[in-house]
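# My questions concern the predicted model and sequence given below.
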Protein chains: 4
Amino acid sequence: MGIDGCEVAVVCDRSEKALQRVHRTYPGMRVTTDHAEVLTASDIDAVCIITPVWTHYELARTALENGKHVFVEKPFTSTSQQAEELIELAGKRNLRIMVDHTFLFTGAVRKIRELVDAGAMGQLLYFDSSRINLGLFQHDVSVIWDLAPHDLSIMDHVIREEPQAVVATGGTHFGKHADIAFLTIYYPNNVLAHINVNWMSPVKVRTTLLGGTEKMLVWNDLDVDEKIKVYDKGVTVTSAEGVYDLLVSYRSGDVWSPKVAQVEALTAELSYFVECVTSGETPFNDGVAGLRVVRMLEAADRSLAERGTVIPLG
Amino acid sequence: MGIDGCEVAVVCDRSEKALQRVHRTYPGMRVTTDHAEVLTASDIDAVCIITPVWTHYELARTALENGKHVFVEKPFTSTSQQAEELIELAGKRNLRIMVDHTFLFTGAVRKIRELVDAGAMGQLLYFDSSRINLGLFQHDVSVIWDLAPHDLSIMDHVIREEPQAVVATGGTHFGKHADIAFLTIYYPNNVLAHINVNWMSPVKVRTTLLGGTEKMLVWNDLDVDEKIKVYDKGVTVTSAEGVYDLLVSYRSGDVWSPKVAQVEALTAELSYFVECVTSGETPFNDGVAGLRVVRMLEAADRSLAERGTVIPLG
Amino acid sequence: MGIDGCEVAVVCDRSEKALQRVHRTYPGMRVTTDHAEVLTASDIDAVCIITPVWTHYELARTALENGKHVFVEKPFTSTSQQAEELIELAGKRNLRIMVDHTFLFTGAVRKIRELVDAGAMGQLLYFDSSRINLGLFQHDVSVIWDLAPHDLSIMDHVIREEPQAVVATGGTHFGKHADIAFLTIYYPNNVLAHINVNWMSPVKVRTTLLGGTEKMLVWNDLDVDEKIKVYDKGVTVTSAEGVYDLLVSYRSGDVWSPKVAQVEALTAELSYFVECVTSGETPFNDGVAGLRVVRMLEAADRSLAERGTVIPLG
Amino acid sequence: MGIDGCEVAVVCDRSEKALQRVHRTYPGMRVTTDHAEVLTASDIDAVCIITPVWTHYELARTALENGKHVFVEKPFTSTSQQAEELIELAGKRNLRIMVDHTFLFTGAVRKIRELVDAGAMGQLLYFDSSRINLGLFQHDVSVIWDLAPHDLSIMDHVIREEPQAVVATGGTHFGKHADIAFLTIYYPNNVLAHINVNWMSPVKVRTTLLGGTEKMLVWNDLDVDEKIKVYDKGVTVTSAEGVYDLLVSYRSGDVWSPKVAQVEALTAELSYFVECVTSGETPFNDGVAGLRVVRMLEAADRSLAERGTVIPLG
């Protein structure tokens, strides 16, 4: 609410109770239960869509058709076709789409991207992420659509290549949607990504390993003080003749935990949205970035339905 | 060397240097570089085969043909066919085969099995294990054949059902063999297992999650004092009508870390081998248990070759 | 602000800026910079004094003289004499004093007290607490008066005996006040307490060990999920004859981490204050409890001034 | 046993059983129960005295009188007078005394000393060490004489100043000797040291904090991979006028965990002993270093006897 360069025009929610809460905290705020009122209002430039994923397409399309920039919660849409349509529509109207990949605005992900871009990691080898905890079960989506978008968007932001194929395995213990899932994403140049998402874990884990030829790093998002540790560890392989054709030696050096900026990620993201809307700049977390994540989610669903088969992308 | 009821007759190694080391520690020990001498000796009842996996079949077969009981390092054999032949041969000769699934003799695995068997966990839901660290690269096998036999044998011992299918994904960054791999094993009754093995991790992790309907546990083998933590956590699902057809509630209670017996697992295993040889009892980690692990390794290899496709078992 | 049975009448602060912040959050709130207005107002029953410690006595005295119950931030007063006067004054007027020993209202301290009271720990042997981190330096008090009141009030609440003597050592590296200090408090029956407070530590530690003859526990307040661990560990001593007159054996069993209630401690404390004011009940964290802490702080100051000499109490 | 430049001549122990164990491992070894045989033997150059502390003086004196260099387990002697006599005797005979302060030869302590000597820490401010665990109770000495010599010798090695005074507090719960103790050691220039030793802790802790004006470090000896963490954290104080005469600002930067050499400390120490004996060099852990530790232990005993009073040194 304290983002420079913008003003909250109206808050819309189908629940009267939620609107009452808004009123209590922001007494003068205009509120409504009618989303059409928001999406067609002439005095509104941009709309934030924080609703169940199956409603994203309809709401965003109406907003775009009425000339509004849109900020959409992750995952972007329910299908890649919907995402493609919205991207096309926004393009025609010269409107911005931003998908809420909040983690990209944290100090930790910025630092990791910075290390990768600066070449500090060497060539990337793998990305392996665990995002597990007890609940909360979602009623309308699986654990893949609920938790994996975080990892997929981070992975996409860090690896910066087109993924080639997805394999997903998992299990459904309650209801209709998978509550545990394991995703493998194949990238060019032998870069391998893996994501472990689980709503049924007694412990909370938020850990990502990133392996490179020069350095390896571990990002533990639950560690308050040392979120990222960079290891000067690695493998040096010398080709040699004979039966044992691989001479492998290990490098094991210092560990370094860079200071990570303490930023409020959502505030930073919304400021960036306002900036992009104002300047016409295309955000890096635009509809196309959102589409890449949706394509991987769709592929994961297809793979999971066959209990794990490789689904090519693109 | 201090196992009751047996005596070390001879130590065989192709390396003279290794035998010299034996001599220094055990001055009077008979040693040889000729394995035939051991396998055919009339005064030897049982042979321990601690050699590369591709030699297991030949050595074990010769030993069995010469009337010797065999203790074979994991994995049992290079193929399931070899394992089946050895099992048949041992059966005909009434000889014992024991496969070195050492972890089954640790205090931690015994305690986990005890909890499962006593029904404390409720119905099992999933098994998720990570065994990652830097190196050591093996020259003749992949990370799957090197590290996963530990997890597969533990999982097999704890879940006690016939696995239905295997999916494996992974990557090969150096040489010819995968150095990172992710296995999913499907069991009956919706029990799901997952194994993450990695030779390229900067940190060492040895953690297994076991989820049940009544309790969930985490086994961290690197924790000296509290290897196993049992969580009184879980999910209660009530079916309900309407759009939200699932009412999920969470249970979150005490954590309990049972005392785990501090046993020297290999010593316990070898004592058990001597006991089985003496009494004629079939060890629980016999050739059949070894075969189950080899079948999963074979299926993992086939799945990995297709970058992750489901391979049915049995 | 949401405590049942009371209403906030007025907020007083010497800073206009602070009052503006109050206005923004609570638009209709009556505010003032004049404390006399609050302390003498006829429509006010109770006053919360959240000011520097050297002002507590004057403010609390005026409030009590005007018939108001008082809630005072820790430490209660600058001297034990001031505390005694306030206690006497409140007694004569039949008014309540509550000292803000917030930690006593946390789920962790409640659980520890419960375990001790139920006899689960056996006889207490020692209490050893570390409360260290970087900063924040206080300008008007030492690290002892700033941090140790937490530990002293918890210790007092758990041990429930009259302390006999205090020894304090420490160092002053910047300014006039000690920034590192170590307190030892001797209790009857050989119960020993120790408190390590430090404003100059690179890491934050909030750990208390409590040793008993039956159980020992570790309270790590920074552990989100397992704040308290109870160890079934101990020492059994058998007297024996001869040179080695002590036969010591060790007990090492399970570890148990009881679920700790997630309560907002300050809210619970303020509700209890309203309850005590309403019912006339004497709070357990009354002026007398505050005085016990102030006496230990005074003794610590005297001991520290002599670089560590034993100062008897009571 | 594999130290270059020396040979084990004879092993002496009063226990026949212990000597039998020696025989089993080192079949040809000369053994004896008569220490006089060792201390007076003409073919022996140096003697290692690994016996209860109350026997050190007698044995070391006899060895020195017979022209032998001595390596003595910590603590050096039972009294400072004994230590002074031995030092004088060794000086007259031009013999080496080395006191077994093994920790000084670990990679961790070497790295800490290196950082301090290189000025990386800035000016030292404090040293705070915890060495606590359950048992093992000693029959003939207190926890101070058992555990604190490790910390005192490390502290002495790192701080490299003459300590000025000692304060000790503690408790005796079983038998005659303190099982918990807290030592404060005052150094010149406001450097403060504190040592927490405890035989009655349910958890094992081996942690030392070292604060400097430029950097602060934490040495956790139980951390296998990151024993030392160096924090670019600190306090900058600016003097200013007015009531608040201290402007304190905090520096909080990267954390760095230097690679620590994996050395077998005792082997390194014994090699150094042989080197000193051969070259005539005075070891840094000589009798004088041992004496400094004994003086602090004596002062701690005197302070503890008075429940904590400051005992000047030197």
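Perfect, thanks for sending it.
# Strands of the stretch 201-314 of chain A, start to end?
A:216-220, A:228-239, A:246-257, A:311-312 (DSSP state E, counting those that start in this stretch).
# Could you pull up the mean pLDDT of the third one?
So that's strand A:246-257. Average pLDDT, strand A:246-257: 80.
# picking that back up, I'd like to know which of the strands of the stretch 201-314 of chain A is closest to B:L86.
strand A:246-257 (29.9 Å; C-beta to C-beta). Glycine gets a C-beta too; all of them are placed from N, C-alpha and C.
# excluding its backbone neighbours, what's nearest A:T213?
Nearest residue to A:T213, sequence neighbours excluded (C-beta to C-beta, 6 or more residues apart in numbering or on different chains): A:G122, at 3.5 Å.
# And for A:E65?
That would be A:L89: by C-beta to C-beta, 6+ apart, it lies 7.1 Å from A:E65.
# Please report how far A:R21 lies from C:A168.
50 Å (C-beta to C-beta, to the nearest Å).
# These two: who's more crowded?
Between A:R21 and C:A168, C:A168 has the larger neighbour count (other C-beta atoms under 10 Å in any protein chain shown), namely 34 against 12.
# and that one, what does it touch?
C:A168 is in contact with C:144, C:181-184, C:299-301, C:303-304, C:308, counting by C-beta atoms under 8 Å, 6 or more residues apart in numbering or on different chains.
# The helix ranked longest in chain A - contacts with which helices or strands?
Longest among the helix segments of chain A by residue count, using DSSP state H, is helix A:287-305. In terms of contacts (3 or more C-beta pairs under 8 Å, 6 or more residues apart in numbering or on different chains; DSSP states H and E), helix A:287-305 is packed against helix A:80-93, strand A:97-100, helix A:143-159, strand A:165-171, strand A:180-186, strand A:311-312.
# what about the shortest one, near chain B?
No - with C-beta under 8 Å from any C-beta of the partner chain as the criterion, chain B is not reached by strand A:311-312; the gap is at least 9.4 Å.
# give me the low-pLDDT residue ranges for the stretch 151-300 of chain A?
Where the stretch 151-300 of chain A drops to pLDDT under 70, the residues are A:238-248.
# Check the stretch 1-150 of chain A too.
A:1, A:136-138.
# Pull the contacting residues for the residue of it found nearest chain D.
For the stretch 1-150 of chain A and chain D, the shortest gap (C-beta to the nearest C-beta) falls at A:K111, measuring 10.8 Å. Neighbouring residues of A:K111 by C-beta under 8 Å, 6+ apart: A:228, A:258, A:260-261.
# Are any of those buried, and if so which?
A:228, A:258, A:260 (16 or more other C-beta atoms under 10 Å in any protein chain shown).
# Kindly indicate which of these lies nearest chain D.
Out of the buried ones among the contacts of A:K111, the member with the shortest distance to chain D (by C-beta to the nearest C-beta) is A:P258, at 5.2 Å.
# Test my guess that that closest one contacts A:I228.
Yes - counting by C-beta atoms under 8 Å, A:I228 is a contact partner of A:P258 at 6.0 Å.
# before we move on, back to that, going by distance to B:D286, which of the buried ones among the contacts of A:K111 wins?
A:I228 (47.1 Å).
# Quick check: bridge partners of the closest one?
A:W219 (DSSP bridges).
# what's the spacing between it and chain B?
Distance, A:I228 to chain B, by C-beta to the nearest C-beta, to the nearest Å: 12 Å.
# likewise A:L152?
In terms of C-beta to the nearest C-beta, A:L152 sits 16 Å off from chain B.
# again with A:E269
From A:E269 to chain B the distance is 30 Å (C-beta to the nearest C-beta).
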